[in-house]
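# what follows is a predicted protein model with its sequence.
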Amino acid sequence: MNTILSLLRSIGVLLSLFLLFIFIMPMTVRVINVGNIAGVIFAVWLFCVSCRPVQSFFSRIMHQNGFLTFLYRAVNTGFTAFAVYGIIITCFMALACNSKPADNSTLIVLGAQVRPEGVPSLILRGRIDAAEKYLDEHREAKAVLAGGMGFDEPMSEAKCMYDTMVEDGISPDRLIMEDKSKNTMENFRYSREVLADNDLGEDITVTTDSFHMLRAMLIVRQQGFKGRVGAVCAETRLEFLPTYVVREWFALPFQLIR
């Protein structure tokens, strides 16, 4: 039994150090949000409960104060529940990405940050690449490029996507810009108007990152879309994926209660 416990502690320590590295790495390129902040805190907690000397230190303190014992157990319960919740949500994220698109359905490509020099960020470039691949494979399909201009962007996200895709060889006749929206809910609200204005129906294929797809699908249904909804996921750089996945763990509950 002691051997198994020691093995589990060793695995916990190694996992905590790995997670710490994974969540700190995006910070070095100024990607800082609730996802990697929570990830770092979780990794520190996992290290504390897995490392024998640290665990022994906490045990000595708890024996001296009943309130600290209660607090320690409450914190452990909270972090354990958080991990279980995260695993369940991540499974639903994976399922959302497996929604097969209808043939030649209309893409709704969700925008992301445009860099100051007017080129797509890595996230936006990935979504553009995924959309171009679908359009190349479905020659009758069209795409609604959804995204307005943020305060720190030189142009709308829709215009950046349009210019990039035309430059890459996609016919302008297949691209429709929706450049008023400021968030994902508005992306779909205004895109639905574009679909109606252009007689494109309501069979759509959402193009965004895998970590964002579940929330996007929820918003689609909240916005009243009645047609078939498929998914085309962009490739997210692996070093950023855990940070954005954990960020979605926090965003999804707020979306569900709207």
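Ah, there it is. Numbers count the residues shown, from 1 in each chain.
# quick check on residue 232: phi, psi?
Main-chain dihedrals, residue 232, degrees, to the nearest 10: phi -130, psi 110.
# that one is in contact with residue 128, isn't it?
No: if you go by C-beta atoms under 8 Å, residue 232 and residue 128 don't touch, sitting 11.5 Å apart. For glycine as for every other residue, the C-beta is placed from the backbone atoms N, C-alpha and C.
# okay, the two: which has more neighbours?
Taking neighbours as other C-beta atoms under 10 Å, residue 232 and residue 128 compare with residue 128 leading, 25 against 22.
# what is the rounded mean pLDDT of the strand or helix carrying that one?
Take DSSP states H and E as the rule and residue 128 turns out to sit in helix 122-137. For helix 122-137, the mean per-residue pLDDT is 95.
# pull out the buried residues from that helix.
123, 124, 125, 126, 127, 128, 129, 130, 131, 132, 134, 135 (16 or more other C-beta atoms under 10 Å).
# ok, then the element right after it?
Next along from helix 122-137, by DSSP H and E: strand 143-146.
# what does that next one rub up against?
106-111, 131, 135, 157-158, 161-162, 165, 170, 174-178, 181, 187-188, 190-191, 194-195, 200, 207 (C-beta atoms under 8 Å, 6 or more residues apart in numbering).
# among those residues, which lie within strands?
106, 107, 108, 109, 110, 175, 176, 177, 178, 207 (DSSP state E).
# what's the closest of those residues to residue 28?
residue 110 (26.4 Å; C-beta to C-beta).
# for that closest one, which residues are in contact?
Under the criterion of C-beta under 8 Å, 6+ apart, the neighbours of residue 110 are 127, 146, 147, 184, 187, 206, 207, 208, 212, 216.
# cutoff 10 Å now
Counting by C-beta atoms under 10 Å, 6 or more residues apart in numbering, residue 110 touches 123-124, 127, 131, 144-147, 157, 161, 181, 184, 187-188, 191, 206-209, 212-213, 216, 219, 234.
# just the element for residue 68, please.
Element membership for residue 68, per DSSP H and E: helix 66-96.
# helices or strands up against that helix?
In terms of contacts (3 or more C-beta pairs under 10 Å, 6 or more residues apart in numbering; DSSP states H and E), helix 66-96 is packed against helix 34-50, helix 52-62, helix 210-222, strand 229-234, helix 241-256.
# and these as TSV, adding mean pLDDT and distance to residue 78?
Shown next, in TSV, are those (pLDDT from 0 to 100; distance: least, C-beta to C-beta, whole Å):
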stretch	mean pLDDT	distance to residue 78
helix 34-50	95	9
helix 52-62	80	16
helix 210-222	94	23
strand 229-234	95	31
helix 241-256	92	14
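# output those in TSV; the columns should cover distance to residue 13.
Shown next, in TSV, are these (distance: least, C-beta to C-beta, whole Å):
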stretch	distance to residue 13
helix 34-50	5
helix 52-62	9
helix 210-222	27
strand 229-234	33
helix 241-256	19
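# and of the ones you listed, who's closest to residue 79?
Nearest of those (C-beta to C-beta): helix 34-50, 5.0 Å.
# show me what that closest one is packed against.
Packed against helix 34-50, as judged by 3+ C-beta pairs under 10 Å, 6+ apart, are the following elements: helix 2-24, helix 52-62, helix 66-96, helix 241-256.
# show me which residues of it are buried.
Residues 35-36, 38-40, 42-43, 45-50 are the ones in helix 34-50 that count as buried (16+ other C-beta under 10 Å).
# angle of it against helix 66-96?
130 degrees (axes from the mean of the first three to the mean of the last three C-alpha atoms, to 10 degrees).
# helix 34-50 to helix 241-256, inter-axis angle?
Using the same axes, to 10 degrees: helix 34-50 against helix 241-256 is 110 degrees.
# ok, residue 209 - contacts?
By C-beta under 10 Å, 6+ apart, the residues touching residue 209 are 97, 110, 112, 123-124, 126-127, 130, 216, 233-237, 240-241, 244-245, 248.
# actually residue 256, sorry about that
Going by C-beta under 10 Å, 6+ apart, the list of residues near residue 256 reads 215, 218, 222.
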